[in-house]
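>>> Just the structure for this:
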Amino acid sequence: MKKPVRARSQVKNPGKPRSHSGGDGAAPKGRRLAALVESDRGELFSILVGCSPDAIMAVDQRGFVRYMNPAAERLLDKSSADLVGRPFSFPVDSFRSQEVTVSGRGTDFKVAEILAEEAAWGGEKFYVVSLRDVTRNVRMREQLRALSDVDPLTGLLNRRGFFDAAQRQLSLAQRTKRGMTFLFVDLDGLKRINDTHGHLEGDQCLIEVASILRKTFRQPDILSRYGGDEFAILAIEAMERISRKIIDRLHKNLSAHNARKRPDRRLSFSLGLAHFDPASPTSVEQLIERADERMYENKNLKKRGRAAR
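Numbers count the residues shown, from 1 in each chain. Sure thing, here's the model as predicted:
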């Protein structure tokens, strides 16, 4: 491949501004460029494609790479010698722009917007595949999405994030025929804490509840601050018989937390449970409604000194 031509400044009077919009002085050079284009389009093509910031590839109808520009080498982290003559693993028959992961593992990846168009040259049909690096945009989009789904105080999911994650898990549970347990946790006396000790102390109590929940549940489980003093949890693959162990572990962690606190700083919360049975599927909204009702039943029992566990 020929080296790209670098433009060299021909300005003789640096202090005098020049116009690029036309004029008598620009006309001869403009005509010269036009003449060069007419005389050697192949050279112009090489310069334009070589200078393009987008990756451009020519792929034959069998899916083999026949050409790639320098931007493609940088994006794919492969030289022309590595890829030309080899199969192209991306679907070249997709003529709609789409995002694909082109390299990397885990968080070290690149995402490109790919578009394939059919072309012909010398009676031979082939595909012009262009790829634009959109990694920065995708990562920023994911960060904004994560921020919009997270409660800034506790770091747990917020209501929106919980609904999205729970919907996906319920769909999966229906296909795999596995049960789950939904819990509603309400921090008792948050208003009293705010009124007596201030909102900063109330916020600290919410943070401590979130910490207790993290210690109680597993990594795959979905934890959220549903709103105000309420927390919603979806315990993945937790059948009804397992929920007893979950509640015992939760109360054990709560007791361990309170043992380190003064009596007026100890936490208390009310629980409500609902079970998802794949044989009789229900919606996220129905699970929340059931758990909410049972949580308020427990709260009322607690007020009368007969809290159900």
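>>> now the strands for the chain?
Taking DSSP state E, the strands of the chain run over residues 55-60, 65-68, 98-105, 108-121, 124-133, 180-187, 222-227, 230-235, 269-276.
>>> quick check: angle from the fourth one to strand 124-133?
Here strand 108-121 runs at 150 degrees with respect to strand 124-133, directions being taken by axes from the mean of the first three to the mean of the last three Cα atoms, to 10 degrees.
>>> Now do strand 108-121 against strand 55-60, angle only.
Going by the same axes, to 10 degrees, strand 108-121 makes 50 degrees with strand 55-60.
>>> Using PDB, list the CA coordinates for strand 108-121.
Output of strand 108-121 as PDB, limited to C-alpha atoms (Å, rounded to 0.1, in the frame of the first residue of the first chain):
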ATOM      1  CA  ASP A 108     -11.300  -4.500  27.900                       C
ATOM      2  CA  PHE A 109     -13.200  -4.400  24.700                       C
ATOM      3  CA  LYS A 110     -14.000  -2.400  21.700                       C
ATOM      4  CA  VAL A 111     -17.400  -1.800  20.200                       C
ATOM      5  CA  ALA A 112     -17.900  -0.800  16.600                       C
ATOM      6  CA  GLU A 113     -20.900   0.200  14.500                       C
ATOM      7  CA  ILE A 114     -20.700  -2.000  11.500                       C
ATOM      8  CA  LEU A 115     -22.400  -1.500   8.100                       C
ATOM      9  CA  ALA A 116     -22.000  -3.800   5.100                       C
ATOM     10  CA  GLU A 117     -23.000  -2.700   1.600                       C
ATOM     11  CA  GLU A 118     -22.900  -4.700  -1.600                       C
ATOM     12  CA  ALA A 119     -20.700  -3.400  -4.500                       C
ATOM     13  CA  ALA A 120     -19.300  -4.600  -7.800                       C
ATOM     14  CA  TRP A 121     -15.900  -4.100  -9.500                       C
END
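>>> and stretch 228-246, which residues are buried?
Using 16 or more other Cβ atoms under 10 Å as the test for burial, stretch 228-246 gives 229-238, 243, 246. For glycine as for every other residue, the C-beta is placed from the backbone atoms N, C-alpha and C.
>>> tell me which of the residues you listed is nearest to residue 283?
residue 234 (12.8 Å; Cβ to Cβ).
>>> Pairing partners for the closest one in the sheet, please.
On the basis of DSSP bridges, residue 234 takes part in beta bridges with residue 182, residue 222.
>>> shift numbering so it begins at 25
Let's use 25 as the start, then, which means that last one is residue 258.
>>> Would you mind measuring from it to residue 195?
13 Å (Cβ to Cβ, to the nearest Å).
>>> what about residue 140, neighbour count?
Taking other Cβ atoms under 10 Å as the criterion, the count of residues near residue 140 is 22.
>>> Beta-bridge partners for it, please?
residue 153.
>>> Double-check it against residue 155; I have them as touching.
No - between residue 140 and residue 155 there is no contact under Cβ atoms under 8 Å: 9.8 Å.
>>> how close does residue 148 get to residue 187?
53 Å.
>>> Same check on residue 75?
For residue 75 relative to residue 187 (Cβ to Cβ), the value is 48 Å.
>>> cool, and residue 164?
For residue 164 relative to residue 187 (Cβ to Cβ), the value is 23 Å.
>>> Which one of the two is surrounded by more residues?
With neighbours defined as other Cβ under 10 Å, residue 164 and residue 187 compare such that residue 187 has more, 18 against 11.
>>> Once you drop chain neighbours, what's closest to that one?
residue 308 (6.2 Å; Cβ to Cβ, 6 or more residues apart in numbering).
>>> Quick check, the one you found in contact with residue 192.
No - assessed by Cβ under 8 Å, residue 308 is found out of contact with residue 192, at 10.2 Å.
>>> The two - which one has more neighbours?
Between residue 308 and residue 192, residue 308 has the larger neighbour count (other Cβ under 10 Å), namely 19 against 11.
>>> Any stretches of the stretch 75-224 of the chain with poor pLDDT?
For the stretch 75-224 of the chain, applying pLDDT under 70 flags the ranges 113-120, 127-132, 170-171.
>>> repeat that with 90
84-87, 99-102, 104, 107, 111-149, 151, 155-173, 194-204, 213-223 (pLDDT under 90).
>>> Residue 287 - how many residues pack around it?
Counted with other Cβ under 10 Å, residue 287 comes out at 6.
>>> That should have said residue 186, apologies.
Neighbour tally, residue 186, other Cβ under 10 Å: 25.
>>> next one: the one 3 residues further on
For residue 189, the neighbour count with other Cβ under 10 Å is 17.
>>> most centrally placed residue in this structure?
Centroid-nearest residue in the chain: residue 166, 3.6 Å away (criterion: Cα atoms, centre = their mean).
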